[in-house]
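>>> all I have is the shape, not the residue letters:
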């Protein structure tokens, strides 16, 4: 590798091809425009081009691709949700994940680890039994295990959590995995680009043109384009884009913070989650611990980090793993999570023809990247909601048909 | 430590407060139809900006209104309900 690097440094041109082209300018019209060059937007572009033969597509990204929540999550992939709608949807996603590296011809470092959600109270044990039964009903590998099993899989854990929150059992989900999140955006970006999709970075959407409840075009910081179809996949900026088209939604933005430790020798194989202690943690191939906790407590459209968060999360980590007391935290960051009242996404068609939403992905969006891309591509291509996302439409709120996923979607409640 | 000023107790750590969402008028439940009521219950003004929000100082159970910039997290002022805005 060093020789290759030296050759690269001495060469006049750049022998390594870029992952995707950087088109000079926008065309005057596209068959579809995708707002947001994160995993979800790029995946939708990829499947539109690959499965639906739509190639005249632009992806508009205000910053750089994968720079939003795609590059800010804690990379956990699982499907042990609570509602039948959620379980079916995420299960399809896990299936897609498993051959994604081959699909892309790019190593995503997809690593199957097993996923333990710890129960420290009878109440959480009860919810887990419920989850396990729903999961099994849909053929998902998910079961309740006793503390001895947890200890066997993770011998370094203090099973009493300092004596005040003893572990009574856990929901074990064998397919639980992690993957390298940047590579997911690059893989989908390259795949879409190879099939003719244009990816425009540093291009901000300033307005959306609508004539008699139909999308006709988009005003961007690099000029106006006409298009009959717009897919909005912008996570934390969803309310801003919805304001442009005059739609209301229940989405509110909270920062979600995370941090990583310095690299260590491998000691933590499974992914460990504790809802009561507000912790989820896994160890990457590089040896760093990736740690996350619950949302910041109030609305904020910012990616600032706080000491309160680092202190709180570190304290809970030490309850589970007291031997980490001398390990240093090397990075901390935040993403803007688009939260919904029922902790399920908002996807599909809207009351404006040609305007499609892929939003409400709050703290649970990374694992859904492939299935979102696939179902949204179908929805945009056929102007009909894909069966798997029928229950996630924006109109479910007005119709009081919520999808109560709070018990399985995140920690800290 | 971020501080917030409770109109009764003065400046306190933000961790002593909880936010209960934006101040907005409640439609009359007797005359509103289901659709408009659903919109009131769920939909919110999610875009960033300067908002009036209900906050509570939990140790003293004091409810008040804070004017806050939801982009910069700057708290512009706090006052009790009914005080001249």
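Received, thanks. Predicted model, so just to flag it, every value in this text is computed and none were measured.
>>> and residue A:325, what is it in contact with?
For residue A:325, the contacting residues are residue A:318, taking CB atoms under 8 Å, 6 or more residues apart in numbering or on different chains as the criterion. Where you see a C-beta, it was placed from the backbone N, CA and C, and this is true even at glycine.
>>> again, but for the one 4 residues further on
Applying CB under 8 Å, 6+ apart, we find residue A:329 in contact with A:259-262, A:310, A:314.
>>> if we use 10 Å, what do you get?
Going by CB atoms under 10 Å, 6 or more residues apart in numbering or on different chains, residue A:329 touches A:259-262, A:288-289, A:291, A:310, A:313-314, A:317.
>>> please enumerate the helices of the chain.
Went with chain A since none was named. Taking DSSP state H to define them, one finds helices in chain A at A:2-10, A:39-51, A:84-98, A:100-104, A:122-137, A:147-153, A:181-194, A:238-245, A:307-320, A:369-382, A:406-409.
>>> wait, chain B was what I had in mind.
B:34-42.
>>> for it, which segments are assigned as strands?
Counting by DSSP state E, one finds strands in chain B at the ranges B:3-6, B:10-13, B:17-22, B:50-57, B:62-69, B:74-79.
>>> and residue A:20, which of those strands is closest to it?
Across the strands of chain B, the minimum distance to residue A:20, taken as CB to CB, is reached by strand B:62-69, at 37.0 Å.
>>> where does pLDDT dip in the stretch 201-350 of chain A?
Under the criterion pLDDT under 70, no range of the stretch 201-350 of chain A is flagged.
>>> equivalent analysis for chain B, please.
Segments of chain B classed as low confidence (criterion: pLDDT under 70) are B:84-85.
>>> ok, residue 24 - contacts?
As the question left the chain open, I've gone with chain A. Per CB under 10 Å, 6+ apart, neighbours of residue A:24: A:200, A:222.
>>> I was after chain B.
Contact criterion CB under 10 Å, 6+ apart gives B:40, B:44-45, B:51-52, B:54 as the residues in contact with residue B:24.
>>> next to chain A, which bits of chain B? Give me the list.
B:1-2, B:13-15, B:17-22, B:34-39, B:41-49, B:51, B:53, B:55, B:66, B:68-73 (CB under 10 Å from any CB of the partner chain).
>>> I'd like to know which of those residues are buried.
Burial by neighbour count, judged by 16 or more other CB atoms under 10 Å in any protein chain shown, picks out B:14, B:17, B:19, B:22, B:37-39, B:42-44, B:46-48, B:51, B:53, B:55, B:66, B:68-70, B:73 from the residues of chain B next to chain A.
>>> coming back round to it: any idea which of the contacts of residue B:24 is closest to chain A?
Nearest to chain A among these: residue B:44, at 5.6 Å, using CB to the nearest CB.
>>> centroid-nearest residue for chain A?
Most central residue of chain A, judged by C-alpha distance to the mean C-alpha position with CA atoms, centre = their mean, is residue A:366 at 1.7 Å.
>>> can you tell me the closest non-neighbouring residue to that one?
In space, not counting the residues next to it along the chain, residue A:366 is nearest to residue A:73; the distance is 4.1 Å by CB to CB, 6 or more residues apart in numbering or on different chains.
>>> quick one, what contacts that neighbour?
If a contact means CB under 10 Å, 6+ apart, then residue A:73 has A:39, A:181, A:256, A:258, A:290, A:292, A:335, A:337, A:361, A:363-367, A:369 as its contacts.
>>> among the residues you listed, who's most crowded?
Within the contacts of residue A:73, most neighbours by other CB atoms under 10 Å in any protein chain shown means residue A:39, with 33 neighbours.
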